[in-house]
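>>> Need a 3D model of the sequence below.
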Amino acid sequence: MNIEREETGNLTATLNVVLAPEDYNPGVDKVLKEQRKTAAWPGFRPGQVPMSIVKKRIGRNVLVGEVERLVDEKLRNYIQENKLRVLGQPLPSDAAAPNNWDEPGELRFKYDLGMAPEFDVEMGAKLDVTMPMVDVEGDLMEKEINDLRRRFGNLLDAEVSADSDMLMGDLIQLDEQGEILPGGLMNRTTITIGELKDEATKQALIGKKVDDAVQVDPHKVSNGHEDLAKMLGTDHSHVHDLQGNMLFRIAEVKRLEPAEIGTDLYDKVFGPGQVTDEDTFRAKVKEGLEGMLRRDSERIYKRLAVRAMADSAKIDLPDSFLKRWIAATSQKPITPEELEAGYSGYADGLRKQLVEDRIVEKYGLEAKGEELNEFAKQAVANQFAQYGIPAPEGERLQQMAGEMLADRDQIKKVRDAIVDQKLTTHFKAMLEPKEKVMSLEEFVNLARTA
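Model (predicted):
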């Protein structure tokens, strides 16, 4: 097999592939012989079908399959050995002449490539990107403290339901006349009034007592079919086409009494004796909020910095090739109009990915083997910790980490997580960003567009 590269543009090339019979015949003959051994066709004993008939019946399909396998393997090897930085995958060229598969001899193919551009990135103070930080004082702090008070509060019985109460009762299927349907769906479940989105349903459940019954639309007291199926103790298929109201008979009215701000709440939130006064409590709550939001701040900052570097680098792309590749590999048919409308966003995302890849390469941030292994071991240990189970140790932990890394998709997830951590750390160290304090609303809007 011979492969020659022909430069066809600034960022495009064509690979001319030539296969001689000696390249594909051994593989074809091997497959045909294996097929002949197991062939059980009418008029012949198993394994006794003449090779001439085997070739006539399946020879062309076997030839095409073997040639496709060879070409795919050799193209990948050529790209890897020549360190070509390609975008997408090789595409069969429209300029390729058809081959004669019935009388094969020398087979010729052409594959178009899109090449990644050469560029550099500079990380320094002149990259004017600030670290967005949420101002946690005020409403956000009070909301967090109120959430903690509710989380560690007491659930008490109430006589009459109010707008934030929780109702426990039986949800019962009705017939078309509004009577209880014999053999219909019925299950004890819980409805939290404050979480309902439909205002009319909320009002219908407020002011109710134990043993009261209210007709409700089951789809308005649940959050989708899966949630409704759980409420009714059944599966998705039984609620998908559920029509009409159901009867909700109230068995209990529960009201959450928030915990008082004091020693008991301090101990439940931070541990016995860790906090002794309200000022310290508020300071630690603020510290926790800032720590939680800082991770989001760092992720947004990294995206902003990458976008700034991509804009500064003015990265060209082989647009025509990439549009062809997107159209050829799209899972669903895509119209030219849809392709043009979505290409700008795709190209921007690709430029940012190229910048990240260049930074990883330039500053040696790729995930190493031992880092992958340690990350996998920690991930296994964390899974056990979620269920309060002691994690395995030694060889067993290593074995489970190895099983995780045996999966190609898992390796990619672990690698991407490690590299992302390294990039964030590297950006903060190299760029020393200044912080910009903003409201939560501004922060959320920035996160959507970064």
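
>>> So the protein: which segments form each domain?
Structural domains annotated on the chain: 2-115, 154-257, 293-449, as defined by automatic domain parsing.

>>> Do a quick rundown of the strands in the stretch 351-450 of the chain.
With DSSP state E, counting those that start in this stretch applied, the stretch 351-450 of the chain shows strands at 435-438, listed in chain order.

>>> can you redo the domains of the chain as JSON lines with mean pLDDT and mean neighbour count?
Quick note: C-beta positions are derived from backbone N, CA and C, even for glycine. Compiled in JSON lines, the domains of the chain are given as follows (pLDDT from 0 to 100; neighbours: other Cβ atoms under 10 Å):
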{"stretch": "domain 2-115", "mean pLDDT": "92", "mean neighbour count": "14"}
{"stretch": "domain 154-257", "mean pLDDT": "94", "mean neighbour count": "15"}
{"stretch": "domain 293-449", "mean pLDDT": "92", "mean neighbour count": "15"}
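
>>> pull the longest strand from the chain.
In terms of residue count, the longest strand belonging to the chain (DSSP state E) is strand 246-257.

>>> And the helix or strand containing Gln35, how far out from the chain middle?
In this structure, Gln35 is located in helix 21-38 according to DSSP states H and E. Its chain's C-alpha centre lies 42 Å from the corresponding centre of helix 21-38 when counted by Cα atoms, centre = their mean, to the nearest Å.

>>> still on that earlier bit, what comes up buried for the very next helix or strand once past the longest strand of the chain?
Note on strand 246-257: by DSSP H and E, the next helix or strand toward the C-terminus is helix 263-270. For helix 263-270, a neighbour-count test (16 or more other Cβ atoms under 10 Å) marks Leu265, Tyr266, Val269 as buried.

>>> So what sits opposite Asn16 in the bridge?
When bridges are assigned using DSSP bridges, the partners listed for Asn16 are Glu4, Lys110.

>>> thinking it is in contact with Met1, fair?
No. Using Cβ atoms under 8 Å as the test, Asn16 is too far from Met1 to be in contact (11.3 Å).

>>> picking up where we left off before, could you dump the buried residues of helix 263-270 to a markdown table with distance to Leu91?
Conversion of these to a markdown table gives the following (distance: Cβ to Cβ, whole Å):
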| residue | distance to Leu91 |
| --- | --- |
| Leu265 | 64 |
| Tyr266 | 64 |
| Val269 | 59 |
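
>>> quick one: Ile359 from Lys352, how far?
11 Å (Cβ to Cβ, to the nearest Å).

>>> what does Ser237 give?
Using Cβ to Cβ, one gets 43 Å for the distance from Ser237 to Lys352.

>>> Name the helix or strand for Leu113, please.
With elements delineated by DSSP H and E, Leu113 resides in strand 107-115, which encompasses its position.

>>> one step back: could you check the angle strand 107-115 makes with the helix or strand following the helix holding Gln35?
If you walk from helix 21-38 toward the C-terminus, the next helix or strand you reach (DSSP H and E) is helix 51-81. Regarding helix 51-81 and strand 107-115, their directions subtend 30 degrees when assessed with axes from the mean of the first three to the mean of the last three Cα atoms, to 10 degrees.

>>> Hey, what's the angle from helix 51-81 to helix 21-38? Just curious.
For helix 51-81 against helix 21-38, the angle by the same axes, to 10 degrees is 130 degrees.

>>> Which strands or helices does whichever helix or strand comes after helix 51-81 pack on?
Using DSSP H and E, the helix or strand that follows helix 51-81 in sequence is strand 86-92. The criterion is 3 or more Cβ pairs under 8 Å, 6 or more residues apart in numbering; DSSP states H and E, and the helices and strands that strand 86-92 contacts are helix 51-81, strand 107-115, helix 319-329.

>>> Let me know the pLDDT of Ala125.
Confidence at Ala125, expressed as pLDDT, is 68.

>>> make that Asp139, sorry
In the prediction, the pLDDT value recorded for Asp139 is 89.

>>> With Glu441 as the reference, measure out to it.
For Asp139, the distance to Glu441 (Cβ to Cβ) stands at 10 Å.

>>> just checking, Val380 touches Ala391?
Yes. With contact defined as Cβ under 8 Å, Val380 counts as touching Ala391 (6.8 Å).

>>> so what's in contact with these two at the same time?
Leu397 (Cβ atoms under 8 Å, 6 or more residues apart in numbering).

>>> contacting residues for Ala327?
When contacts are taken as Cβ under 8 Å, 6+ apart, Ala327 is in contact with Ile334, Leu339.

>>> is Thr190 in a bridge, and if so with what?
With DSSP bridges as the criterion, the beta-bridge partners of Thr190 are Met168.

>>> Identify the residues contacting it.
When contacts are counted by Cβ under 8 Å, 6+ apart, Thr190 is found next to Met166, Leu167, Met168, Met231.

>>> how does it look with 7 Å?
With contacts taken as Cβ atoms under 7 Å, 6 or more residues apart in numbering, Thr190 has the following neighbours: Met166, Leu167, Met168.

>>> And the closest residue to the first one other than its chain neighbours, how close does it get to Val54?
Translated: Met166. Excluding its sequence neighbours, the residue lying closest to Met166 (Cβ to Cβ, 6 or more residues apart in numbering) is Lys254, at 4.4 Å. According to Cβ to Cβ, Lys254 stands 76 Å off from Val54.

>>> ditto for Glu338
In this structure, Glu338 and Val54 are separated by 46 Å, where distance is defined by Cβ to Cβ.

>>> before we move on, what about Ala158?
Counting by Cβ to Cβ, the gap between Ala158 and Val54 amounts to 82 Å.

>>> Buried residues, stretch 272-287. List them.
Within stretch 272-287, the residues that count as buried by 16+ other Cβ under 10 Å are Val275, Phe281, Arg282, Val285, Lys286.

>>> hang on, the fourth one packs against Lys143?
Pointing back at Val285 there. No. Contact status for Val285 versus Lys143: not in contact, 10.6 Å apart, counting by Cβ atoms under 7 Å.

>>> if I read this right, Thr234 contacts Gly184, doesn't it?
No. At 10.8 Å, Thr234 does not count as touching Gly184 under the criterion of Cβ under 7 Å.

>>> Phi and psi next, for Arg188.
phi -80, psi 130 (degrees, to the nearest 10).

>>> again but with Met123, I slipped
Met123 has phi and psi values of phi -110, psi 110 when expressed as degrees, to the nearest 10.

>>> show me the contacts for it.
Listed by Cβ under 7 Å, 6+ apart, the contact set of Met123 reads Met430, Leu431.
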